[in-house]
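In: Here is my input; please provide its structure:
(4 chains)
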Number of protein chains: 2
Amino acid sequence: MPEHGTGKNARPGHPRPSDPWKALADPTRRSILDLLRQRERTTGDLCGHFDMTRFAVMKHLAVLVEAELVVVERRGRERINHLNPLPLQRIVQRWIRPFEASSADKLLRLEGHLSKPQIKKAKKP
Amino acid sequence: MPEHGTGKNARPGHPRPSDPWKALADPTRRSILDLLRQRERTTGDLCGHFDMTRFAVMKHLAVLVEAELVVVERRGRERINHLNPLPLQRIVQRWIRPFEASSADKLLRLEGHLSKPQIKKAKKP
DNA sequence: GCCATATGTGACCATATGGTCACATGTATG
DNA sequence: CATACATGTGACCATATGGTCACATATGGC
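Out: Coordinates of the predicted model:
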């Protein structure tokens, strides 16, 4: 049930959410999310913040929408992009928290490897 | 000072960490981190868990190492891969926490837009 | 209706990426 | 030392991705 898998909810308007990690991988898209975190913005507004063309920004926006990180509201001839924080929260809960849980231990064990070669067996002369 | 890469510390051993988001983007690599979270593993051990060839897994491992998500310890003829939780923690602290901070408000405002189906007008024939 | 504005679509290109393989290196052990 | 095992390297290929553009489609105001 927690998995919105391939074929369960195949409603026309929501084909299937794509991997939010993929969407997050691009720094431009992360900047877009950052701008959207401040307030919702039209596509044109967003374009003003980047060096690339309007089309490139729109493509990034499309990726974010497919990952459900951005929700679109049509208002007249404008398109207003809203941040949807849910996928990020899901990532935190299903991915990052578990890593944090067991990290203190590993961190300590790691320091040994990071600083010294940790030779198990004495080298033969 | 003569040009030496991108300024800061271009030491031979540490070229510069690549974007951890990029490394996290691939599901195989996330699975590797998941396995490494349980315990450290050799490359061969990791390969056993995936359908692809050993080389593919090694490439993924290389990406993870460049992003400093994995630390390598050489032990004899084996290579032992350790998880390094620090980059993940950095992502959480510098990226995800700020989003969580302002999300409750946005969530409420979003609900209105999420429930409206956004019907597209029929195309002209 | 007409036109300017704002956004959408498809084609197109260069490069990055995931994946494969043949072959090279290193190391433990008989 | 020889050989098998574990890992490393480079070339190579197919596809995905980021980016561009020309052109098409709404929408609001006149």
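In: Which stretches in chain A count as strands?
Out: For chain A, the strands defined by DSSP state E occupy A:41-42, A:70-75, A:78-83.
In: Present those as JSON lines; the columns should include mean neighbour count.
Out: C-betas here are computed from N, CA, C, even on glycine. Shown next, in JSON lines, are the strands of chain A (neighbours: other C-beta atoms under 10 Å in any protein chain shown):
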{"stretch": "strand A:41-42", "mean neighbour count": "17"}
{"stretch": "strand A:70-75", "mean neighbour count": "17"}
{"stretch": "strand A:78-83", "mean neighbour count": "18"}
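In: Residue B:99: which of those is closest?
Out: With distances scored as C-beta to C-beta, the stretch of those nearest to residue B:99 is strand A:78-83 (7.9 Å).
In: Mind giving me the packing neighbours of the closest one?
Out: Identification of packing neighbours for strand A:78-83 by 3 or more C-beta pairs under 8 Å, 6 or more residues apart in numbering or on different chains; DSSP states H and E yields helix A:27-38, strand A:41-42, helix A:43-47, strand A:70-75, helix B:103-115.
In: Which residue comes closest to residue A:46 once chain neighbours are left out?
Out: residue A:57 (5.6 Å; C-beta to C-beta, 6 or more residues apart in numbering or on different chains).
In: just for chain A, where's the confidence low?
Out: Within chain A, the segments meeting pLDDT under 70 span A:1-15, A:102-125.
In: my read: residue A:65 touches residue A:73, true?
Out: No - look at residue A:65 against residue A:73 with C-beta atoms under 8 Å: they stay out of range, at 11.5 Å.
In: what's whichever residue of chain A sits closest to DNA strand D sitting at in phi/psi?
Out: DNA strand D sits closest to residue A:76 of chain A, with a gap of 2.8 Å, by C-beta to the nearest atom of the strand. Torsion angles at residue A:76 (phi, psi; degrees, to the nearest 10) stand at phi 60, psi -130.
In: ok, so what distance separates it from DNA strand C?
Out: Noted for residue A:76: a distance of 8 Å to DNA strand C, by C-beta to the nearest atom of the strand, to the nearest Å.
In: show me what contacts that residue?
Out: With contact set as C-beta atoms under 8 Å, 6 or more residues apart in numbering or on different chains, residue A:76 has no partners.
In: wouldn't residue A:92 be in contact with residue B:96 here?
Out: Yes - Residue A:92 lies in contact with residue B:96 (C-beta under 8 Å); the separation is 5.4 Å.
In: what's the neighbour count on residue A:69?
Out: Counted with other C-beta atoms under 10 Å in any protein chain shown, the neighbours of residue A:69 add up to 26.
In: How about it, nearest residue that isn't a chain neighbour?
Out: Nearest non-adjacent residue to residue A:69 (C-beta to C-beta, 6+ apart): residue A:87, at 5.3 Å.
In: Near that neighbour, how many residues? Count them for me, please.
Out: 19.
In: Show me what from chain A comes close to DNA strand D.
Out: Counting by C-beta under 7 Å from any atom of the strand, the residues of chain A close to DNA strand D are A:22, A:25-26, A:28-29, A:51-53, A:55-56, A:59-60, A:63, A:74, A:76-77.
In: Let me see the backbone angles for residue A:52.
Out: The phi/psi pair for residue A:52 (degrees, to the nearest 10) is phi -80, psi 180.
In: Beta-bridge partners for residue A:42, please?
Out: Counting by DSSP bridges, residue A:42 forms beta bridges with residue A:80.
In: distance of it from chain B?
Out: Counting by C-beta to the nearest C-beta, to the nearest Å, the gap from residue A:42 to chain B is 14 Å.
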